[in-house]
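*Asks:* need coordinates for the below:
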Amino acid sequence: MPLVFAGVCSHAPGIVNRAERADPAVREPFYKAYREMGDAIRASGAEALVVIAAEHFGNFFMENMPAFAIGMADHYEGPIEDPDWMKIERRQIPGNKDLSRRLIQGVMEEVDTAYAEEWKFDHGIMVPLHFLTPNYDMAVIPANINCQGPPLTPLHRAYAFGQAIRHAADALPEKIALIGTGGISHWPATPDSGKINEEWDRDFLDKFLNNRKDDLLSYNDIETYKTAGQGGFEIRTFIAVAGATEGKTGKLWFYEPIPIFAVGCTVATMDVA
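*Replies:* Sure thing, here's the model as predicted:
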């Protein structure tokens with residue numbers, strides 16, 4: 001069954017835990033776009049949601065940092081952070097071990113990936129799920145691209161990872177939705193937290209939404225660090241979605257820099273037809 005949905009969204013913890021400090025004039029349209037993406041995922045008939053995220057040293061650290069990892073369990077737990085701080089209740093999130101196994105087998109035909117039967121979700125996955133699947137009633141398959149611990153996963157390999165997920169999903173009988181979640185520009189856990197490079201973000205989104213592969217793969221991590229912060233490394237999750245929708249273009253549902261959320265807040269979809 002062909003992939004039935006693809007999109008991208010932001011995941012900073014401030015999106016939830018500092019909600020009351022944001023200007024409602026930008027916060028509410030952002031939340032509305034996020035929830036409407038969830039409606040679109042359900043309307044697609046998706047039976048499982050693959051979430052490509054940038055895991056923040058909650059499960060993988062420098063003693064074992066895979067370039068790619070995919071979850072393979074019947075359930076997961078999250079958030080790994082203090083739920084009172086996150087303002088998201090800790091809970092069990094449904095997975096689908098059999099479906100994950102078959103997806104992983106398909107991906108491994110093209111890209112080597114680690115897999116994990118235990119996975120605690122941090123804000124990188126829990127913030128999107130909070131908006132997209134508020135009833136936590138859809139099977140989730142988590143995937144991770146190393147955007148944290150150098151040497152980082154090369155951009156062209158992130159693109160190939162997305163291609164492999166698409167090919168694997170298309171070979172399955174189940175309907176699969178895919179989202180990538182990350183930055184874009186942000187400087188988390190630094191004195192520059194709250195800084196956002198709107199010009200850089202909009203330029204990247206133009207390249208992403210028009211799926212200009214060569215432009216997307218031309219980013220240099222040193223320059224990205226200078227202009228978009230270490231959080232800018234998370235463009236890999238968006239690039240993977242571009243790979244999964246190669247040759248297709250997308251639609252921007254929302255983008256605004258919201259400094260109190262410490263990120264340029266994005267909701268966008270890509271054509272999968």
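*Asks:* please make it C-alpha for all contacts and neighbour counts, starting now.
*Replies:* OK.
*Asks:* quick one: residue 41 is in a helix?
*Replies:* Yes: when the secondary structure is assigned by DSSP: H, G, I helix; E, B strand; the rest coil, residue 41 falls within a helix.
*Asks:* doesn't residue 268 make contact with residue 34?
*Replies:* No: in this structure, residue 34 is not within contact of residue 268 by C-alpha atoms under 8 Å, at 9.1 Å.
*Asks:* which neighbours do those two share?
*Replies:* Residues within reach of residue 34 and of residue 268 at once, by C-alpha atoms under 8 Å, 6 or more residues apart in numbering, are residue 9.
*Asks:* after the strand or helix carrying residue 240, which helix or strand is next?
*Replies:* Counting by DSSP states H and E, the element that carries residue 240 is helix 235-244. Following helix 235-244 in sequence order, the next helix or strand is strand 250-258 (DSSP H and E).
*Asks:* quick one, that following strand and helix 235-244 angle?
*Replies:* With axes from the mean of the first three to the mean of the last three C-alpha atoms, to 10 degrees as the criterion, the two stretches strand 250-258 and helix 235-244 enclose an angle of 170 degrees.
*Asks:* run me through the strand neighbours of strand 250-258, direction for each.
*Replies:* strand 263-270 (antiparallel) (DSSP bridges).
*Asks:* for the strand it pairs with, C-alpha coordinates in PDB please.
*Replies:* Once non-C-alpha atoms are left out, strand 263-270 reads as follows in PDB (Å, rounded to 0.1, in the frame of the first residue of the first chain):
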ATOM      1  CA  VAL A 263      12.300  27.700  17.500                       C
ATOM      2  CA  GLY A 264      10.900  28.600  14.100                       C
ATOM      3  CA  CYS A 265       7.600  26.800  14.400                       C
ATOM      4  CA  THR A 266       6.700  24.800  11.300                       C
ATOM      5  CA  VAL A 267       3.800  22.600  10.000                       C
ATOM      6  CA  ALA A 268       4.100  21.500   6.400                       C
ATOM      7  CA  THR A 269       3.000  18.600   4.200                       C
ATOM      8  CA  MET A 270       4.400  16.900   1.100                       C
END
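*Asks:* give me the mean pLDDT for it.
*Replies:* Here strand 263-270 scores 96 as its mean pLDDT.
*Asks:* what's in contact with it?
*Replies:* Residues lying outside strand 263-270 but in contact with it, judged by C-alpha under 8 Å, 6+ apart, are 5-10, 12, 30, 33-34, 37, 183-186, 194-198, 201, 209, 242, 245, 248-258.
*Asks:* give me that answer again for 7 Å
*Replies:* Contact partners of strand 263-270, identified using C-alpha atoms under 7 Å, 6 or more residues apart in numbering, comprise 6-10, 12, 33-34, 183-186, 194, 196, 198, 245, 248-258.
*Asks:* and the strand or helix carrying residue 49, what does it pack against?
*Replies:* Assigning secondary structure by DSSP H and E places residue 49 in strand 48-53. For strand 48-53, the elements it packs on are helix 123-132, strand 139-145, strand 176-182, judged by 3 or more C-alpha pairs under 7 Å, 6 or more residues apart in numbering; DSSP states H and E.
*Asks:* partner strands of the helix or strand that that strand is followed by and their direction?
*Replies:* Moving toward the C-terminus from strand 48-53, the next helix or strand (DSSP H and E) is strand 68-71. Listed by DSSP bridges, the sheet partners of strand 68-71 and their directions read strand 114-116 (parallel), strand 139-145 (antiparallel).
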